[in-house]
Structures are given as C-alpha cells and as structure tokens.
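*Asks:* Sequence below, structure please.
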Amino acid sequence: MTKFDLRQQDCIQGMSRLRDEDVDLVTTSPPYNLGVGYRKYFDRQDRQSYLRWCRKWAAQVRRILKSNGSFFLNIGSAPSNPMLPYEIAIELRDLFVLQNTIHWIKSITIEDREGDLQSHGHFKPINSKRFLNDCHEYIFHFTKSGRVEIERLALGVPYQDKPNIARWRHTRGSDLRCRGNTWFIPYETIQSRAKGTTASGNVSSAISRMVHQAARRVARSDNARPVSRNRKFRCCGAKMRRQKIYRVRNR
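*Replies:* Have a look, this model is predicted:
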C-alpha cells in the first residue's frame, strides 16, 4: 500500500526536519528565474542570488539523500538565456556527481521511412528572427558517487529492427532496449496557468518508476529474495515553485 505524506511549507525548512540519508529519490522542478508571475514567489532574482538559493536547497537534498539515492533536477531556460541549466549544474558540482543528462523532448517532428513528416507534442512558439522555438528541457540525474545503479529497462522500448534481438547477445532474446537519454513525455496543452499542468507529474512518474525498479533489483541482489512489503521506498519531491514537499512510502 502506498501512503502519501504531503506537507505544504518552505522546502528548505521542511527538508531540515528530515533525517540524514533517509530518502531514496528526490525529484524537483524549481522556478527557472525567467520572470514568471507566481503569486508568492519573485521569479526574477539577479543571477548570483538565484544560484546561491539553488545551492542552499540542494545542500539539504544532499544531506537527506541516501548514498545510493538519486536526485533528478528538471530545469529549462529561455532562448535568450540558454546557459542557465548549465550554470546550475556547475553550481552543484561539489555537492553531487552528474551521472546522466536526460533531454525531455516536448515537441518533435520526424520523417518516417516513407518520407512523411509527423509532428508530436506541444511547445510555446516565439516570435523571433534570432531564436528557434524551445522544444525541450533538461533533467539532470545527480548522485553522490556517480555509481548508482538504475533499472534502464524500466522505461524500455521495443527494438525497431527486430533482427537485432537475435544478433546482439546482451538482449537475451528480449524485445526491450534502453530508451536512452532522449525522452518524449507528452502532456496536455495548458489553456491557462491557473489550470495547472500534468507535465511535471508525468516526468516525476517516469523517473520514479525507473529508480524504484532499480531499488527493487538491488534489494533482490543484496538479500537474494524479492523485496518484502515491509521494505520502505521513500521519495522526497521538493516542489520549490509551490513550496511543498512530500514523502511517498511504498510498503
């Protein structure tokens, strides 16, 4: 049974009440400092103040994260401010190791083998003679060591060329391969900011499924038996934008 412990409070204060190394997984998507009109948060700090704030909550994330835990940071940018995600990653480099960089594709147009174009997803168009439409965001996967195992096939996809299943030994006959670090995660178009979005929820669900499967696999390896119902899997989502933190316990 899954139990949710939802706490609406400042994320730094909330995490300060959690025990050291008590959380398996942290996912968050903080404000991007792009001047969005939030009700209770000023989203246009000077760059250094914003980076110091990011480091402050990230230090709490490091403290509560287990040695084999994972921290996924979803961050985007504006076409006129493309360096922001990289600057945040650099700011956190002495707290975490960047183990994976995932590209969250929001919209893509592809040409199939017959030459037909197909478009998928949604994006916010911009009117510019300099910049391309911004159709993706970053999901940085941080760990403490850079050696944390994940279940790559938890979000696996079928092989396009089926003969490869028999050709490659590592497939072991299974029609499932690693999705890679480019994720197309669809979500409904937002008609107004007040109605919210399911985008971050879809991302968090995909991340949780991958890491949770890895945690179960490691437990089976360590204990030589399936995970019991009493084993705890704890997830802390630090939602800075809405100042909420939550913990999920699967028993």
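
*Asks:* distance of the spatially closest residue to residue 176 that is not a sequence neighbour from residue 166?
*Replies:* If the residues on either side of it in the chain are set aside, residue 176 comes closest to residue 156, at 4.0 Å by CB to CB, 6 or more residues apart in numbering. Heads up, the C-betas are built off the backbone N, CA and C, glycines and all. The gap separating residue 156 from residue 166 is 17 Å, by CB to CB, to the nearest Å.

*Asks:* The residue nearest to residue 176 and residue 175: what is the separation?
*Replies:* From residue 156 across to residue 175, the span is 9 Å (CB to CB).

*Asks:* Give me the more crowded residue out of those two.
*Replies:* residue 156 (15 against 12; other CB atoms under 10 Å).

*Asks:* can you tell me which residues contact that one?
*Replies:* 176-179 (CB atoms under 8 Å, 6 or more residues apart in numbering).

*Asks:* ok, of those residues, which one's closest to residue 45?
*Replies:* Using CB to CB, residue 179 comes nearest to residue 45 of these, at 35.1 Å.

*Asks:* where does the closest one land on pLDDT?
*Replies:* Here, the pLDDT recorded for residue 179 equals 86.

*Asks:* Burial check on it, number of neighbours?
*Replies:* 17.

*Asks:* Can you pull out the low-pLDDT segments for the stretch 51-200 of the chain?
*Replies:* 186-200 (pLDDT under 70).

*Asks:* where do the helices sit along it?
*Replies:* 84-91, 163-167, 199-223 (DSSP state H, counting those that start in this stretch).

*Asks:* Many thanks, we can stop here.
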